[in-house]
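Q: fold the following for me, if possible:
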Amino acid sequence: MPEPTEQQRARRRRTGGWMLAVGVVALFVSTFTVPEAIHDLARVSAGQETGLSTRGVVVTVVGAATLLGGGALAILGFNWRRSVGEGPHPEDLLLDEQFGDAPVRPYDPDELRRRPGRPDPEDGQRDDRS
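A: Prediction:
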C-alpha cells in the first residue's frame, strides 16, 4: 500500500476532526433528549397515558439517534484522526539514511538493576555491608 501524501493526511485529519466535533455535539444534545425520552416512555409503560404524544415520539427518536449516532461519530472521528499519524520528517529520513534506524546502544535490562558502587548480584559476590 503506497504511503499517503501530506495532502491526503491533512484531508483525513480535517474529516476526522469534523466527525469528532459533530459526534461530541450530538452526544451533548443527547444529554437533554434521552432523559426526557426515558421519562415519557416510563409514563406510557406505567399506564398513566394511553400512548406517546407527538413530542414524546420526536424526543425518543432524536434521543436515540443522537446518542447512538453521536457516539459512533465520535469514536470513528477520533480513530480516523489518530490513524493518520504524522509523516516521516525529512530530517529523520536523513538521519536514518546516514546512521541507520537501529538504536545507538542496545537495550540491556540488567543495566537498570546495577547500582554504582554495588556489585552485580549475578557475579556471585556478596555485599559485605550486610
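Q: going forward, measure contacts between C-alpha atoms and count neighbours the same way
A: Noted.
Q: pull the helix or strand with minimum mean pLDDT from the chain.
A: Within the chain, no helix or strand scores below helix 90-99, which has a mean of 83 by mean pLDDT, DSSP states H and E.
Q: same for that one, what does it pack against?
A: Judged by 3 or more Cα pairs under 8 Å, 6 or more residues apart in numbering; DSSP states H and E, helix 90-99 has no packing partners among the helices and strands.
Q: send the alpha carbons of it over as CSV?
A: Provided in CSV are the C-alpha atoms of helix 90-99 (Å, rounded to 0.1, in the frame of the first residue of the first chain):
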residue,chain,number,x,y,z
PRO,A,90,12.8,14.9,6.3
GLU,A,91,15.5,15.3,9.0
ASP,A,92,14.5,11.8,10.4
LEU,A,93,14.8,10.3,7.0
LEU,A,94,18.2,11.9,6.5
LEU,A,95,19.5,10.6,9.9
ASP,A,96,18.2,7.1,9.2
GLU,A,97,20.0,7.2,5.8
GLN,A,98,23.2,8.4,7.5
PHE,A,99,23.2,6.2,10.7
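Q: where exactly do the helices run in the protein?
A: Listed in chain order, the helices of the chain (DSSP state H) span 6-45, 54-84, 90-99.
Q: avg pLDDT for the longest one?
A: Think helix 6-45. When pLDDT is averaged over helix 6-45, the result is 92.
Q: quick one: that helix to helix 54-84, angle?
A: With axes from the mean of the first three to the mean of the last three Cα atoms, to 10 degrees defining the directions, helix 6-45 sits at 150 degrees from helix 54-84.
Q: what comes up buried for helix 6-45?
A: Neighbour counts using 16 or more other Cα atoms under 10 Å place 9, 12-13, 16-24, 26-27, 29-30, 33-34, 36-37, 40-41, 44 of helix 6-45 among the buried residues.
Q: same deal with stretch 52-66?
A: Neighbour-count burial for stretch 52-66 flags 52, 56, 59-60, 62-66 (criterion: 16+ other Cα under 10 Å).
Q: re the thing from before, now find how far off-centre the least confident helix or strand of the chain is within its chain.
A: 30 Å (Cα atoms, centre = their mean, to the nearest Å).
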